[in-house]
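A.B. asks: quick one, fold the following:
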Amino acid sequence: MARHWTINGRFLSQPTTGVQRYAGEIVRSLDALIAEQAPLTRGLELRLHCPPGSSDIPLDSIERCEIGSRGGHLWEQTRLAASLHGGGLLSLCNTGPLLSRKHIVCIHDANVWNAPQSYSLGFRTSYKALLPCLGKTARSISTVSNFSLGELVRRGIVPKRRAFVAPNGHEHVLLWKPEHSAATRLAASRETIVMIGSAAPHKNVNLILDMADRLGKAGLKIAVVGMSGSHVFKTGSARPEARNIHWLGRISDSELAALLTDSLCLAFPSLTEGFGLPVVEAMALGCPVVVSERASLPEVCGNAALYAAADNPQAWFDRFMGLRNSKALRLQLIGKGKARASAYSWRASALRYLQAMALADGIDTETEVVRLLELT
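C.D. replies: Below you'll find the model as predicted:
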């Protein structure tokens, strides 16, 4: 008998951040697993329902449908919910219809509680109201790290018995073809520290930017990638221009791959993170990483990174100088980083979602996987 599930495609109408990247890669991996007739996909019919005007995503086995006349939260709570006709729903970007019961929702982090200063009043108010309700009404909740799971449970947002971890992956990075633009070519060097993110306070970028003069005197420069929408993130104060800071804004994946490959390291001084996808992307590309000791980062990086306290500029300076002055340390981190990144797989997380959908459909997943493997 066919099992009907719908994927919440609202993410295709949103700007791409790590959350939307996660959704897109999980959907692509589910599509590939269905094409392969992997265990727990037989009889599964998946559709991707999107708001009108959404961006495209190449799929072979999942049908993509645009429904309704407009997007946003209202589309999600009304038009998407009405399109399910009793089937299951998979929402991968923090939000989804409150009235859907056969519903699997990925809540990526508890940052609106852990770092409220980073979000606009409207954004954090809506999320603080919506997420605990989803934690109560959804069939199960996923998140991207054990740290995030612990925070969501600790704050009473998610009951642990109905939650599971499905981390980010690395395979998408292997498809990037490094190609510099004029700006990234100028910025990249073995003396360049790369930062990816936004001016949101929890990203803690000022820790590094405030060191610009000292880093410049030591022969180091900073390349800053990315900027976030003002409707979500509060921006920091204006900063005087420094000759050794390159403000690159949003760049393509190819440009980012070239920049990371040809630079000294990625610096990731965040105060809190649900996962920290740029760290895994950098490691997969062979770029050493220096990260804070906070939140999910020790869990994600293990022994494949250099650590510095998030409130200690001297520790960061020492890590940068040590990395620049030791070829052996750099090579060691590159090797460990690639191995660590390879442990995070979109395919493995997609399989975890297949298992969660099967359980919601009343399938004994352990018995069914064994039976299907015996038949193939």
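
A.B. asks: what about the residue nearest to Ser292 when sequence neighbours are not counted, neighbour count?
C.D. replies: Spatial nearest neighbour of Ser292, chain neighbours left out: Ala310 (3.9 Å); criterion: CB to CB, 6 or more residues apart in numbering. To be clear about C-beta, it is placed using only N, CA and C from the backbone, and glycine gets the same treatment. Residues near Ala310, counting by other CB atoms under 10 Å, number 20.

A.B. asks: how much space separates Ala310 from Arg124?
C.D. replies: Taking CB to CB, to the nearest Å as the criterion, Ala310 is separated from Arg124 by 21 Å.

A.B. asks: likewise Trp316?
C.D. replies: To Arg124, Trp316 is 29 Å away according to CB to CB.

A.B. asks: again with Ala242
C.D. replies: Taken as CB to CB, the span from Ala242 to Arg124 is 32 Å.

A.B. asks: those two: who's more crowded?
C.D. replies: Ranked by neighbour count (other CB under 10 Å), Ala242 and Arg124 place Arg124 first, with 18 against 14.

A.B. asks: next up, the contacts around Cys106.
C.D. replies: Tyr22, Ala23, Ser91, Leu92, Cys93, Asn94, Ile141, Ser142, Thr143, Val144, Ala166 (CB atoms under 8 Å, 6 or more residues apart in numbering).

A.B. asks: closest one of those to Ala257?
C.D. replies: Among the contacts of Cys106, Tyr22 lies closest to Ala257 (CB to CB), at 18.8 Å.

A.B. asks: the domain parsing of this protein - what is it?
C.D. replies: 3-169+345-375, 172-342 (automatic domain parsing).

A.B. asks: excluding its backbone neighbours, what's nearest Trp247?
C.D. replies: Val224 (5.4 Å).

A.B. asks: circling back: which of the contacts of Cys106 has the most neighbours?
C.D. replies: Thr143 (29 neighbours).

A.B. asks: any buried residues in stretch 32-48, and which?
C.D. replies: Ala32, Leu33, Ile34, Ala38, Pro39, Leu40, Thr41, Leu44, Leu46, Arg47, Leu48 (16 or more other CB atoms under 10 Å).

A.B. asks: which strand residues bridge the last one?
C.D. replies: Residues found in beta-bridge contact with Leu48 (criterion: DSSP bridges) are Ile7, Arg64.

A.B. asks: which of the three states applies to the residue nearest to Trp247?
C.D. replies: strand (DSSP: H, G, I helix; E, B strand; the rest coil).

A.B. asks: swap in Ala341?
C.D. replies: Ala341 - assigned by three-state DSSP - is helix.

A.B. asks: repeat for Ser61
C.D. replies: Using three-state DSSP, the structure places Ser61 in coil.

A.B. asks: next up, the contacts around the residue nearest to it when sequence neighbours are not counted.
C.D. replies: Of all residues not flanking Ser61 in the chain, Ile34 sits nearest, at 3.9 Å (CB to CB, 6+ apart). Residues near Ile34 by CB under 8 Å, 6+ apart: Thr41, Leu44, Leu46, Ser61, Ile62.

A.B. asks: may I see the residues you listed arranged in a markdown table, with pLDDT and distance to Val158 as well?
C.D. replies: A markdown table is the format used below for these (pLDDT from 0 to 100; distance: CB to CB, whole Å):
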| residue | pLDDT | distance to Val158 |
| --- | --- | --- |
| Thr41 | 94 | 27 |
| Leu44 | 95 | 25 |
| Leu46 | 97 | 24 |
| Ser61 | 96 | 30 |
| Ile62 | 97 | 27 |
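
A.B. asks: closest to Thr16 out of the residues you listed?
C.D. replies: Lowest distance from Thr16 to the contacts of Ile34 (CB to CB) belongs to Ile62, with 19.2 Å.

A.B. asks: least trustworthy helix or strand in the chain by mean pLDDT?
C.D. replies: helix 365-375 (a mean of 52; mean pLDDT, DSSP states H and E).

A.B. asks: surely Pro97 touches Ser83?
C.D. replies: No. Counting by CB atoms under 8 Å, Pro97 stays clear of Ser83, with 9.8 Å between them.

A.B. asks: more neighbours, those two?
C.D. replies: The neighbour comparison of Pro97 against Ser83 (other CB under 10 Å) goes to Pro97, with 25 against 16.

A.B. asks: that one - that's part of a strand, no?
C.D. replies: No. Looking at Pro97 with three-state DSSP, it is coil, so not inside a strand.

A.B. asks: now it: phi and psi?
C.D. replies: Note on Pro97: its backbone torsions stand at phi -60, psi 130 [degrees, to the nearest 10].
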